[in-house]
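A.B. asks: Provided below are the primary sequence and the corresponding predicted coordinates.
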Amino acid sequence: MKNVFNKIVVIGLGYIGLPTAAVIASRKKLVIGVDVNEIVVNKINQGEIHIIEPKLDIVVRAAVSEGFLIASLTPEAADAFIVAVPTPFLEDHNPDLSYIISATKAIAPHLKSGDLIVLESTSPVGTTSEMCQILSECRPDLTFPDRHGNESNIRVAHCPERVLPGHVLRELVQNDRVIGGISTKCTEAAIDLYQTFVSGECVPTDAKTAEMCKLTENACRDVQIAFANELSMICDQNGINVWELITLANRHPRINILQPGPGVGGHCIAVDPWFIISKQQTLSKLMRAAREVNLYKEDWVVEKFSSTLNDFLQENSSKSEKDVIIAFYGLAFKPNIDDLRESPAVNIVKKISEIHKCCLIAVEPNIKKLPNLLRGIELHDLDFALEKGDIHVLLVAHNEFNKVPSHCRYILDTKGVW
């Protein structure tokens, strides 16, 4: 007999939680979306969104107006709880699980026998079991699967998100989902939940394997990007166009080299490998090397910029650094989104601002103001930057930047667009 979920609480209304809540609500299920940010909660309850994601505003507006999506600052009783909170890392690259711990403790008072809890946040192996331990301490009147297996009266599972920003609504529904419960009954219950809105296959496994699956996917991508980034630096040293080289190499039927860039960003590929490395330091040599290559690529771009600036100043000897206007194109961690988390573009601009005394302007069409760490840098539109800039640095291949600025002599293109 299938588990029935008529009311679902989603903890965290960010880039994953809000689309997930909206999609479930569109299936005529009552969804309580919980976030600690009162501004976000109020905005959603007005049928508006606080992130950029195609068509999400339409789905949220409809779900709110029909009464199936309600945002709140606190959780309440429900049939299922989905935790989709951030999992950043600390300065030593160890994972910061404080958001998951807080969400778990917030859920605990509202649990009743038969409820399901699903952790979607990308997590180190064993985190889902740790949630059970926290819940056991908070609710000794209930039983949990880490100790009672299939006989527990609370079900707990892990189902990592695996969506692409800009395509989230489609991929939330169409992508296969890996679902790993602490016990087989937990897995079955979680599959019943996800089958209410997922048309892709819900593939059963255990919680540890599900946790490791997401980390593996992103660590693999990180290694592949590191190869492309390392190749780009070698090609530059040898006067070879790396993008032409990759196009030629990829004509081999068993070769598929990715495109290089200024580094790796976002809350997945730039973060998740550390969750493996931090626990398996002696065995994760390749993953650590990939992380180091991709982090170094940012410094390499800064060095290339300094060389380009030096060339400009030699040709324009009447100017000093403070007279030179540098235009940076793109700050998001990938094209056509507003997400600046772990963005190599942001890191590069910040490093350059700390080294050089130039006038720095940035073009990022998907945001309205710059983050605090870029204080002192001006946000302008594309036409202004193209007209006023002396040196033009392309960092993100937004659609708006596709046209080559033919009149610009000093260009540093990290994406091979220009």
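C.D. replies: That came through fine. Keep in mind that what you see is a predicted model, and the values were worked out from it rather than measured.

A.B. asks: tell me who's in contact with the most centrally placed residue in the chain.
C.D. replies: What sits nearest the mean C-alpha location of the chain, by C-alpha atoms, centre = their mean, is His267, with 3.3 Å. Residues near His267 by C-beta atoms under 8 Å, 6 or more residues apart in numbering: 15, 86, 88, 122, 339, 341-342. (C-beta placed from N, C-alpha, C; glycine too.)

A.B. asks: secondary structure element holding it?
C.D. replies: Counting by DSSP states H and E, no helix or strand carries His267.

A.B. asks: grab the nearest non-local neighbour of Ala62.
C.D. replies: Nearest in space to Ala62, with sequence neighbours left out and distances taken as C-beta to C-beta, 6 or more residues apart in numbering, is Ser26 at 6.9 Å.

A.B. asks: and Ala106, by the same measure?
C.D. replies: Pro75 (5.5 Å).

A.B. asks: that neighbour against Lys105, yeah?
C.D. replies: No - the pair Pro75 / Lys105 is not scored as a contact, 10.4 Å apart, by C-beta atoms under 8 Å.

A.B. asks: more neighbours, those two?
C.D. replies: More crowded of Pro75 and Lys105, by other C-beta atoms under 10 Å: Pro75, with 20 against 14.

A.B. asks: show me the contacts for the more buried one.
C.D. replies: Residues near Pro75 by C-beta under 8 Å, 6+ apart: 9, 11, 32, 34, 81, 106-107, 110.

A.B. asks: could you report the distance from the closest residue to Ile337 other than its chain neighbours to Ser199?
C.D. replies: Ranked by C-beta to C-beta, 6+ apart and with sequence neighbours excluded, the top spatial neighbour of Ile337 is Pro165, at 4.5 Å. Distance of Pro165 to Ser199, given as C-beta to C-beta, to the nearest Å: 20 Å.

A.B. asks: of those two, which one has the most company?
C.D. replies: Relative neighbour count places Pro165 above the other of Pro165 and Ser199, with 24 against 10, counting by other C-beta under 10 Å.

A.B. asks: contacting residues around the more buried one?
C.D. replies: With the criterion set at C-beta under 8 Å, 6+ apart, Pro165 makes contact with 15, 53, 266, 334, 337, 339.

A.B. asks: now Lys105
C.D. replies: If you count contacts by C-beta under 8 Å, 6+ apart, then Lys105 has 134, 138 around it.

A.B. asks: now the helix or strand hosting it: average pLDDT?
C.D. replies: Under the criterion of DSSP H and E, Lys105 resides in helix 98-107. Across helix 98-107, the average pLDDT comes to 97.

A.B. asks: mind listing what's buried in that helix?
C.D. replies: 99-100, 103-104, 106-107 (16 or more other C-beta atoms under 10 Å).

A.B. asks: in a markdown table, list the residues you listed along with distance to Val203.
C.D. replies: Putting those into a markdown table (distance: C-beta to C-beta, whole Å) gives the following:
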| residue | distance to Val203 |
| --- | --- |
| Tyr99 | 27 |
| Ile100 | 23 |
| Ala103 | 25 |
| Thr104 | 25 |
| Ala106 | 29 |
| Ile107 | 26 |
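
A.B. asks: for the residues you listed, work out which two are farthest apart.
C.D. replies: Farthest pair in the buried residues of helix 98-107 (C-beta to C-beta) is Tyr99 and Ile107. Separation: 12.7 Å.

A.B. asks: confidence score at Glu91?
C.D. replies: pLDDT, Glu91: 82.

A.B. asks: nearest residue to Asp57 other than its sequence neighbours?
C.D. replies: Ile49 (5.0 Å).

A.B. asks: find me the pLDDT at Val404, would you?
C.D. replies: At Val404, the pLDDT value in this model is 73.

A.B. asks: does it touch Trp418 like I think?
C.D. replies: Yes - assessed by C-beta under 8 Å, Val404 is found in contact with Trp418 at 4.8 Å.

A.B. asks: secondary structure class for the residue lying farthest from the centre of the chain?
C.D. replies: Here the chain reaches farthest from its C-alpha mean at Ser318, the gap being 44.4 Å by C-alpha atoms, centre = their mean. Classification of Ser318 by DSSP: H, G, I helix; E, B strand; the rest coil places it in coil.

A.B. asks: please name the residues that touch it.
C.D. replies: Ser318 neighbours (C-beta under 8 Å, 6+ apart): none.

A.B. asks: related to what we said a few turns ago, distance of the residue nearest to Ala62 relative to Thr184?
C.D. replies: 30 Å.

A.B. asks: can you pull out the strands in the chain?
C.D. replies: With DSSP state E as the criterion, the chain has strands at 7-11, 30-34, 69-72, 80-83, 116-119, 155-158, 177-181, 202-206, 325-329, 359-363, 378-379, 391-394, 410-413.

A.B. asks: what inclination does the second one have with respect to strand 7-11?
C.D. replies: If you take axes from the mean of the first three to the mean of the last three C-alpha atoms, to 10 degrees, strand 30-34 sits at 20 degrees to strand 7-11.

A.B. asks: just checking, Gly389 touches Cys408?
C.D. replies: Yes - if you go by C-beta under 8 Å, Gly389 and Cys408 touch, sitting 7.0 Å apart.

A.B. asks: who's more crowded, those two?
C.D. replies: Taking other C-beta under 10 Å, Gly389 and Cys408 do not tie; Gly389 has more neighbours (23 against 16).

A.B. asks: so who does the more buried one touch?
C.D. replies: 325-327, 361, 408.

A.B. asks: what about 10 Å?
C.D. replies: Gly389 sits next to 324-329, 359, 361, 363, 380, 405, 408, 410-411 when contact means C-beta atoms under 10 Å, 6 or more residues apart in numbering.

A.B. asks: ok, and the most crowded of those residues?
C.D. replies: The most crowded member of these is Tyr329, carrying 30 neighbours; neighbours defined as other C-beta under 10 Å.

A.B. asks: per-residue confidence at that residue?
C.D. replies: In this prediction Tyr329 is given a pLDDT of 97.

A.B. asks: so it bridges to which residues?
C.D. replies: For Tyr329, the beta-bridge partners are Val363, Leu394 (DSSP bridges).
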